[in-house]
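1. Coordinates for the following, if possible.
(one chain, ligands or ions: 2)
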Amino acid sequence: MNKNTLIMSDSKIPIIDLFKLDEYSNSWVPLCNNVRHALEEYGYFIALYDDDKKNKISTEIFDVMEELFDLPIETKKKNTSDFYFYQWNGLLKKAPLHESFGIPHPTDVEALQSFTTLMWPQGNRRFCETVTSYVKVAAEVEQLVDKMVFESYGVAERHYESHVAATTYLLRPIKYRPPLQGAEDGSGNIGCNAHTDKSFSTLLFQNQINALQVETKSGEWIDVDVPPSAFVFLAGDAYEAWSNGRIYAARHQVLMKEDKERYTLALFTFNKGITEIPEELVDETHPIQYKPFDNFGLAWYYLSGASSMAHGTAKPYCGINAT
Ligand SMILES: O=C(O)CCC(=O)C(=O)O
Ligand SMILES: [Fe+2]
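-> Ligands and ions are numbered 1, 2, ... in the order given. From the prediction side, this is the model:
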């Protein structure tokens with residue numbers, strides 16, 4: 001594996017440029033290996049993806065997010081669902097600065113239209129169009145990363161197509177208020193408590209306010225300094241289980257420091273149906289560690305309180321010899 005082309009910033013944060021990749025160029029294989037290596041060692045990486053289209057959307061997307069969060073609370077509360085991750089959440093005791101919406105299946109025009117009409121019965125074309133353009137690019141990046149990981153493991157040919165067919169998307173726009181006064185003791189600046197994602201993958205895009213911290217395998221919390229207009233790709237519990245424990249679903253949290261509002265767009269993927277662990281990822285040095293699993297089942301298991309927020313859910317839900 002060529003690890004030399006994995007750019008590490010001063011603070012040891014993996015950064016990979018995904019723009020203008022060519023599957024047929026000599027750099028494709030080492031780059032795929034770098035992506036996989038970053039996810040195995042760190043559980044995430046900063047993905048640079050600077051196409052002109054995206055740069056134009058970047059400014060507009062936060063304008064429409066402000067408009068969304070400025071809606072009256074009664075309107076926002078209409079974003080409900082049986083599934084916690086698909087609904088509006090705010091005024092949480094454990095994370096007073098946090099507010100977020102759930103937009104399931106945002107790549108589907110009708111689903112996005114139905115969310116838009118719920119929030120703006122008179123319609124909001126600009127919101128719909130801007131979110132559509134954003135999600136198109138973000139989903140493309142998520143698929144590209146998965147493709148690279150699957151290629152690096154040598155399982156793309158047999159498993160990538162069915163993986164894409166099983167992928168469902170969830171967009172969660174999040175707003176974090178600045179830290180509360182007198183929050184220096186650390187309790188009033190929590191935007192999001194430490195957790196692993198229940199998704200397969202997560203792609204984050206923030207306005208230029210840093211606050212994300214990711215935990216290393218040795219337990220050190222790293223402040224993730226995200227360059228303007230870059231994404232953060234994070235592996236969720238389902239990625240860890242699918243990879244037979246090779247990929248690391250890192251714990252992460254949001255601690256607000258600056259006296260400014262922070263917006264994040266989190267595009268999660270969840271696999272529908274049963275996810276099998278590719279047999280190619282099981283060998284003598286990597287004995288099977290996970291049973292085939294239902295990604296939504298994993299999320300429901302976590303939401304039922306069966307596994308603690310402080311730890312990953314893959315092992316307790318579908319680990320072999322789970323305790
Ligand atoms: O806002 C962020 O940067 C992270 C959000 C997050 O971890 C989540 O919504 O699961
Ligand atoms: Fe998260």
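2. what about the nearest residue to Leu298 once chain neighbours are set aside, which helix or strand?
-> In space, and not counting its chain neighbours, Leu298 is closest to Tyr317: 4.7 Å by C-beta to C-beta, 6 or more residues apart in numbering. For glycine as for every other residue, the C-beta is placed from the backbone atoms N, C-alpha and C. Remark: Tyr317 resides in helix 314-318, with elements defined by DSSP states H and E.
3. residues making contact with that helix?
-> Helix 314-318 has contacts (C-beta atoms under 8 Å, 6 or more residues apart in numbering) with 237-238, 240-241, 245, 249, 290-293, 297-298, 301-302, 306-307, 322-323.
4. does Val282 really touch Asn244, like I thought?
-> Yes: assessed by C-beta atoms under 8 Å, Val282 is found in contact with Asn244 at 5.8 Å.
5. out of the two, which sits in the more crowded spot?
-> With neighbours defined as other C-beta atoms under 10 Å, Val282 and Asn244 compare such that Asn244 has more, 20 against 14.
6. sorry, back to before: and the residue nearest to Leu298, how many neighbours?
-> 25.
7. now swap in Val137 and tell me
-> Val137: 20 surrounding residues under other C-beta under 10 Å.
8. and it, helix, strand or coil?
-> helix (DSSP: H, G, I helix; E, B strand; the rest coil).
9. Up against ligand 1, what does the stretch 201-323 of the chain have?
-> Leu204, Gln206, Leu212, His252, Val254, Thr264, Ala266 (C-beta under 6 Å from any ligand atom).
10. which one of those residues sits closest to Gln87?
-> Ranked by distance to Gln87 (C-beta to C-beta), these are led by Ala266 at 14.2 Å.
11. For Leu39, give me its contacts.
-> Phe45, Val149, Phe233, Ala235, Tyr239, Ile247, Tyr248.
12. how about those residues in TSV, adding secondary structure, pLDDT and distance to Glu157?
-> Shown next, in TSV, are the contacts of Leu39 (DSSP: H, G, I helix; E, B strand; the rest coil; pLDDT from 0 to 100; distance: C-beta to C-beta, whole Å):
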residue	secondary structure	pLDDT	distance to Glu157
Phe45	strand	98	24
Val149	helix	98	14
Phe233	strand	98	23
Ala235	strand	98	22
Tyr239	helix	98	19
Ile247	coil	98	19
Tyr248	coil	98	25
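13. circling back: name the residues contacting each of Val282 and Asn244.
-> Between them, Val282 and Asn244 share the contacting residues Ile288, judged by C-beta under 8 Å, 6+ apart.
14. Need the phi and psi values for the most centrally placed residue in the chain.
-> Centroid-nearest residue in the chain: Thr202, 1.5 Å away (criterion: C-alpha atoms, centre = their mean). The phi/psi pair for Thr202 (degrees, to the nearest 10) reads phi -140, psi 130.
15. again, but for Leu48
-> Dihedral angles of Leu48 (phi, psi; degrees, to the nearest 10) stand at phi -90, psi 130.
16. where does the residue nearest to it when sequence neighbours are not counted land on pLDDT?
-> Distances taken as C-beta to C-beta, 6+ apart put Asp17 closest to Leu48, at 4.3 Å, once the chain neighbours are dropped. pLDDT for Asp17: 93.
17. Could you tell me how many residues sit around Ile15?
-> The burial count for Ile15: 17, using other C-beta under 10 Å.
18. Let's verify the residue nearest to Lys12 when sequence neighbours are not counted: helix, strand, or coil?
-> Leaving aside its sequence neighbours, Lys12 sits nearest to Ile222 (C-beta to C-beta, 6+ apart; 7.1 Å). Secondary structure assignment for Ile222 (three-state DSSP): strand.
19. What's opposite Ile222 in the beta bridge?
-> Note on Ile222: beta-bridge partners Val214, judged by DSSP bridges.
20. for the residue in the stretch 1-150 of the chain that ligand 1 sits nearest to, what are its contacts?
-> Relative to ligand 1, the nearest point of the stretch 1-150 of the chain is Ser100 (6.9 Å; C-beta to the nearest ligand atom). For Ser100, the contacting residues are Trp88, Asn89, Gly90, Arg172, Pro173, Ile174, Lys175, Ala266, by C-beta under 8 Å, 6+ apart.
21. what are the phi and psi angles of the closest residue in space to the residue nearest to the centre of the chain that isn't next to it in sequence?
-> Distances taken as C-beta to C-beta, 6+ apart put Leu234 closest to Thr202, at 4.3 Å, once the chain neighbours are dropped. For Leu234, the backbone dihedrals (degrees, to the nearest 10) come out as phi -120, psi 140.
22. cool, Val29 as well?
-> phi -60, psi -50.
23. count of residues packed around it?
-> Neighbour tally, Val29, other C-beta under 10 Å: 15.
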